[in-house]
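1. this one's structure only:
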């Protein structure tokens, strides 16, 4: 599975807005830093359904929670 370009863009935006490192972002989402690096650099994604769900859940939480 792959994330859409819009999902990747949202992930990059939130990473920048929160000033997160790759390690911290991976930790917040619950995936490896290698996986986050692959997603952000737009290399071939071949992600599991679980990883896609974790990223989507994190993005939804970030965009719907007032901090």
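-> On my side now, so go ahead. Everything quoted here is computed from the prediction, not taken from an experiment.

2. and residue 48, how far from residue 23?
-> According to CB to CB, to the nearest Å, residue 48 stands 20 Å off from residue 23. Using the backbone N, CA and C atoms, a C-beta is placed for each residue, glycine as well.

3. typo on my end, it should be residue 6
-> For residue 6 relative to residue 23 (CB to CB), the value is 24 Å.

4. do residue 62 as well
-> Residue 62 sits 17 Å away from residue 23 when distances are taken as CB to CB.

5. between the two, which one's more packed in?
-> residue 62 (17 against 12; other CB atoms under 10 Å).

6. and that one, how far is that from residue 44?
-> Residue 62 is 25 Å from residue 44, where distance means CB to CB.

7. do the same with residue 30
-> 21 Å.

8. which one's more surrounded, these two?
-> Set residue 30 next to residue 44 and count neighbours by other CB under 10 Å: residue 30 wins out with 12 against 7.

9. which residues are in contact with that one?
-> With contacts defined as CB atoms under 8 Å, 6 or more residues apart in numbering, residue 30 is in contact with 54, 58.

10. ok, now the one 3 residues further on?
-> Applying CB under 8 Å, 6+ apart, one finds that residue 33 lies in contact with 22-23, 26.

11. swap in residue 15?
-> Contacts of residue 15 were listed using CB under 8 Å, 6+ apart, and they are 25, 40.

12. distance check, residue 40 against residue 47.
-> For residue 40, the distance to residue 47 - CB to CB - is 13 Å.

13. and residue 55, by the same measure?
-> Distance of residue 55 to residue 47, given as CB to CB: 8 Å.
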